[in-house]
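**Q** Next comes the sequence, and after it the predicted model I'd like to discuss.
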Amino acid sequence: MTDSRIDFRQAKFLISAPDIAHLDEHLPGDVGVEIAFAGRSNAGKSSALNQLTEQKNLARTSKTPGRTQLINVFALDEHRRLVDLPGYGFAQVPLAMKKKWQQALGQYLQERDCLSGLVVLMDIRHPLKDLDMQMIEWAVACDIPVLALLTKCDKLAQSARMKTVNEVRKALADFGDGVKVEPFSSLKGTGKPKVLSILNQWCHPDWLVEALADAEQE
């Protein structure tokens, strides 16, 4: 069935590239569905991807923030992909390198037509920094749904966790239903079912469901 749930455990590494031009050399064009993961370099992006796909080494993790310098693409199936974008907000890197990464990040977000959803990962202890807000505001302006994922929620007690979640939801309420906020722990898997449900919904935009249904009937 075209609306069946996606098995994110089937994710496979596809390509790494410094920019969109290099991506297009190895991908079948700007088609299908891509869900992008973005966040500050210490937000736990790689760990979150590994937890969601139940693969320990799908995305490389590093104790040194800013090591993810490339756009990394993982295929879910022939129509759908997950994209790990370069971390932003990195401090201990040369300015020229920082600008290069920022350019690659901005170009992808502004020019990628198949982008169907954006996960903005933030450490729950330090949410909604300026660059996080810029990412969310940009996506909303482009009518792209956003999941503000508050990572490392295991670092807080339950009461403090929910207090922060509610504060972030209130801060982003003006953006409407296009922005969802969820707590998440890569270590314990907290919030994983909810996140996978949202990602699965993004993987089934109406146009793709209709196109696959038409293809089955031919």
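**A** Okay, I see it. Note that the coordinates shown come from a computational prediction; the quantities given were computed from them, not determined experimentally.
**Q** CA only for contacts and neighbour counts going forward, please
**A** Will do.
**Q** Give me the pLDDT for P145.
**A** Predicted confidence (pLDDT) for P145: 96.
**Q** Next up, the contacts around it.
**A** The neighbours of P145, taking CA atoms under 8 Å, 6 or more residues apart in numbering as the test, are S116, G117, L118, A139, G178, V179.
**Q** And what about the third one, helix, strand or coil?
**A** Spelled out, it's L118. Three-state call for L118 (DSSP: H, G, I helix; E, B strand; the rest coil): strand.
**Q** Strands of this structure, residue ranges please.
**A** Taking DSSP state E as the criterion, the chain contains strands spanning 12-17, 33-39, 71-75, 80-84, 115-123, 146-151, 179-183.
**Q** now the fifth one: mean pLDDT?
**A** When you say that, I think you mean strand 115-123. Strand 115-123 comes out at a mean pLDDT of 97.
**Q** which helices and strands sit right next to that strand?
**A** strand 33-39, helix 130-141, strand 146-151, helix 192-202 (3 or more CA pairs under 8 Å, 6 or more residues apart in numbering; DSSP states H and E).
**Q** rerun that using 7 Å as the cut-off
**A** Judged by 3 or more CA pairs under 7 Å, 6 or more residues apart in numbering; DSSP states H and E, strand 115-123 is in contact with strand 33-39, strand 146-151.
**Q** just the ones you listed: most buried one?
**A** Looking across those with neighbours counted as mean count of other CA atoms under 10 Å, the highest average goes to strand 146-151: a mean of 26.
**Q** who touches that one?
**A** Contact with strand 146-151 is made by 43-44, 117-124, 136, 139, 178-185, as judged by CA atoms under 7 Å, 6 or more residues apart in numbering.
**Q** Strand partners (parallel or antiparallel) of it?
**A** Sheet pairing for strand 146-151, assigned by DSSP bridges, gives strand 115-123 (parallel), strand 179-183 (parallel).
**Q** Now do the longest one and strand 80-84, the angle between them.
**A** Strand 115-123 and strand 80-84 meet at an angle of 30 degrees, taking axes from the mean of the first three to the mean of the last three CA atoms, to 10 degrees as the criterion.
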